[in-house]
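Peer 1: Compute the structure for the input listed below.
(4 chains)
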There are 2 protein chains.
Amino acid sequence: MKSNQLARQVAQEISKRILGQDFEPGQHISAQTVANDFGISRSPVREALQLLLDAGLVVQKPNRGFFVTDSQQQLERSNALSAALEDEQSDYQQIADDWRRDALPEEVTEQYLRNRYGITKARLNDLLVRAVREGWAERKPGYGWRFLTVAKTPEAFEKIYHFRMVIEPAAMLDPDYEIDLQMLANLKRIQMRMLDHDIEHQPLERLLSVGADFHEELIKFSGNPYFHQSLVRVNQMRRLLEYRTVFNRERFVEQTQGHLAIIELLERGEIIEASYNMRRHLSGALKKKSPMLWSQDDANLGKP
Amino acid sequence: MKSNQLARQVAQEISKRILGQDFEPGQHISAQTVANDFGISRSPVREALQLLLDAGLVVQKPNRGFFVTDSQQQLERSNALSAALEDEQSDYQQIADDWRRDALPEEVTEQYLRNRYGITKARLNDLLVRAVREGWAERKPGYGWRFLTVAKTPEAFEKIYHFRMVIEPAAMLDPDYEIDLQMLANLKRIQMRMLDHDIEHQPLERLLSVGADFHEELIKFSGNPYFHQSLVRVNQMRRLLEYRTVFNRERFVEQTQGHLAIIELLERGEIIEASYNMRRHLSGALKKKSPMLWSQDDANLGKP
DNA sequence: AATTGGTTTTATAAATCAAAAAATACACAT
DNA sequence: ATGTGTATTTTTTGATTTATAAAACCAATT
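Peer 2: Presented below is the predicted three-dimensional model:
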């Protein structure tokens, strides 16, 4: 099943929405609307819908478009699809992981990477651009690239939390901080659902990203894009580090409750209290997380 | 006079050092050492020295290498050289500037940019990567790029200072904050020289970068790379905004005195006091800077 | 022993062209 | 009137070749 980047992403996103009940069974999925949502044209959307059709998540009615299927076995189908679509970004994760495990030299040429991972120049370029953006690689003067140690030391984790403990509460105290009640309600809904059933059923990656989204949305209320940008940046880095971490789901329950507490304070307009709470929340996460890291993996070093 | 990117940069840097008295007249400039300093090979260094030779800043002795010339007219020579070497990164500045002045649409295709600025695909790619890294451009899903408004609104300036007022004093209070006395002495020397004569004689760009360096070095003492990274990032953005600003040199005197006061506090180990002082320093800069911005240029809009 | 000057090798950038992906245009169905 | 299905056009990617920049090497010099 071959298909394009963009179409794959769109397919994945739509399938998420179907499973998240954002689309009800039988509902019409307008290609036009989806295209507008994503800010793209209908071409890749149609491809995506075609993929979902193959996977049995939607049905097509001639000249009327695509509709969410009624069938109950959506979940398995979607999972099969996900598995097929996923590991697209795996090269990136692989390189990041190899670097973290000291399986990559600090300085490399592009050729070296291309040979080692068997990828095209353009693709490698994409990966490196992303790594630069996420702050753990840089171009050397002359030829070659250098990986930065920010992304691998155990203390990095701690440093990230210290950084967040500074900016997140401070952003809330910004004079321009303005609570978007609608977004807040939305966040609350998501966190509630997490507590209800998602923590048990969702994959690690999803849990992490929901948590990160919460913090990123809150910091946006400050109206200062630099707070938001820096948080996004350190979160990306954190994701890299956390990628292969063992974790326990209990901690997520606690964390989610913390999020809800902050939301409730904000609903009541008690920003100062919320800011203080946020600081405690982060400090707590740091204490609990730090010692349990670096326990998994690192046994199987060596070339891929 | 044709030459390569890297050689040009190196030439510029060496000429700075010669003028900054880091190299004395008659002193030997070892190509090997320079190459090591930059982490590059001797090839571009030799080219750079060749350029300086052409400009008369150095002389060559057969089989013994290059030596700083004794002549006194270094300054003019160097300036001529600079002018010739400069505007290499001008494409980048040009695009940033056009965007700030609303002379560019928010969303563009690569083709459009290539035609408009007459650059190769690879070069454009470099520019865009840089813009992404500096946070004012992003790839659209599908085709095309989008420029972000962070880099153009007048409030951006204010927001940057608010952000800095949070992270810079906080970084100083980090438990791991460790003052590098040698670096501090170095910074002091530089700031003193600024007061003595540089403020009168150096170009705006240089003054701005010395100021930024001061803050970036101080924040490094925290040992937390995320503080440093975010500061560097907002400073890059600030440079973009300040690029064509009118400015008065008096303000730089004040600012430099502020820097020296902070240095002296740190020398005496009074970190808390220094942190407080830093906050005031930044807040003062914000008050004075904001109203005088956006006064120059903006008259000559239109295509390049 | 370290450093230069010149030469060779290797790595990346530019140019070109074919292939593919995404955007656009338009007739037609609901 | 809006949305679909299909065809057409534009933009971007990929592969290949050629040119250029930087690194690595080595003999000669201080």
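Peer 1: Please identify the helix or strand for A:V132.
Peer 2: Assessed by DSSP states H and E, A:V132 sits inside helix A:121-133.
Peer 1: Also A:S283?
Peer 2: helix A:271-289.
Peer 1: next one: A:L51
Peer 2: Short version, using DSSP H and E: A:L51 is in helix A:42-55.
Peer 1: mind listing what's buried in that helix?
Peer 2: Neighbour-count burial for helix A:42-55 flags A:P44, A:V45, A:R46, A:E47, A:A48, A:L49, A:Q50, A:L51, A:L52, A:A55 (criterion: 16 or more other C-beta atoms under 10 Å in any protein chain shown). Every C-beta, even on glycine, is put in place using the N, C-alpha and C of the backbone.
Peer 1: One more: stretch A:166-184?
Peer 2: Neighbour-count burial for stretch A:166-184, counted by 16+ other C-beta under 10 Å, picks out A:V166, A:I167, A:E168, A:P169, A:A170, A:A171, A:M172, A:D174, A:Y177, A:L184.
Peer 1: Stretch A:258-266 now?
Peer 2: A:G258, A:H259, A:L260, A:A261, A:I262, A:I263, A:L265, A:L266.
Peer 1: Restricting to C-alpha, output the helix holding A:S283 in CSV.
Peer 2: The C-alpha coordinates for helix A:271-289 follow below in CSV (Å, rounded to 0.1, in the frame of the first residue of the first chain):
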residue,chain,number,x,y,z
ILE,A,271,-4.5,33.2,38.2
ILE,A,272,-2.0,33.8,40.9
GLU,A,273,-3.0,30.7,42.7
ALA,A,274,-3.0,28.8,39.4
SER,A,275,0.5,30.0,38.7
TYR,A,276,1.7,28.8,42.1
ASN,A,277,0.0,25.5,41.5
MET,A,278,1.7,25.2,38.2
ARG,A,279,5.1,25.6,39.7
ARG,A,280,4.3,22.9,42.3
HIS,A,281,2.9,20.7,39.6
LEU,A,282,6.1,20.9,37.6
SER,A,283,8.3,20.5,40.6
GLY,A,284,6.4,17.3,41.6
ALA,A,285,6.8,15.9,38.1
LEU,A,286,10.5,16.5,38.3
LYS,A,287,10.9,14.7,41.6
LYS,A,288,9.0,11.7,40.5
LYS,A,289,10.3,11.4,37.0
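Peer 1: just to revisit the earlier point, which one of the buried residues of stretch A:258-266 is nearest A:S209?
Peer 2: Nearest to A:S209 out of the buried residues of stretch A:258-266 is A:H259 (C-beta to C-beta; 13.7 Å).
Peer 1: now the closest one: how far from A:V210?
Peer 2: Distance of A:H259 to A:V210, given as C-beta to C-beta, to the nearest Å: 9 Å.
Peer 1: Ok, A:N63 next?
Peer 2: Between A:N63 and A:V210 the distance is 39 Å, computed by C-beta to C-beta.
Peer 1: higher neighbour count, these two?
Peer 2: A:V210 (20 against 5; other C-beta atoms under 10 Å in any protein chain shown).
Peer 1: Remind me which helix or strand that one belongs to.
Peer 2: helix A:204-220.
Peer 1: is that helix up against chain B anywhere?
Peer 2: No. Judged by C-beta under 8 Å from any C-beta of the partner chain, helix A:204-220 makes no contact with chain B; its nearest approach is 11.4 Å.
Peer 1: so what's the residue in chain A that DNA strand D sits nearest to up against?
Peer 2: The minimum distance from chain A to DNA strand D, using C-beta to the nearest atom of the strand, falls at A:G142 (2.4 Å). Neighbour list for A:G142: B:L6, B:F38, B:G39, B:I40, B:S41, B:P44 [criterion: C-beta atoms under 8 Å, 6 or more residues apart in numbering or on different chains].
Peer 1: Now the buried members of those residues.
Peer 2: B:L6, B:F38, B:I40, B:P44.
Peer 1: Chain A: which of the residues you listed is nearest?
Peer 2: B:I40 (4.1 Å; C-beta to the nearest C-beta).
Peer 1: Roughly how far does the closest one sit from B:K121?
Peer 2: 25 Å.
Peer 1: Please apply the same query to A:V210.
Peer 2: 38 Å.
Peer 1: Would you mind listing the buried residues in stretch A:119-133?
Peer 2: A:I119, A:L124, A:D126, A:L127, A:L128, A:V129, A:R130, A:A131, A:V132, A:R133.
Peer 1: The fifth one: what's it in contact with?
Peer 2: The contact partners of A:L128, taken as C-beta under 8 Å, 6+ apart, are A:E110, A:A137, A:W145.
Peer 1: Turn the residues you listed into TSV, including pLDDT and distance to DNA strand D.
Peer 2: TSV is the format used below for the contacts of A:L128 (pLDDT from 0 to 100; distance: C-beta to the nearest atom of the strand, whole Å):
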residue	pLDDT	distance to DNA strand D
A:E110	89	12
A:A137	90	17
A:W145	93	11
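Peer 1: Nearest to B:Q27 among these?
Peer 2: A:W145 (33.8 Å).
Peer 1: mind listing what that closest one touches?
Peer 2: A:E107, A:V108, A:T109, A:E110, A:L113, A:L128, A:A137, A:E138, A:R139.
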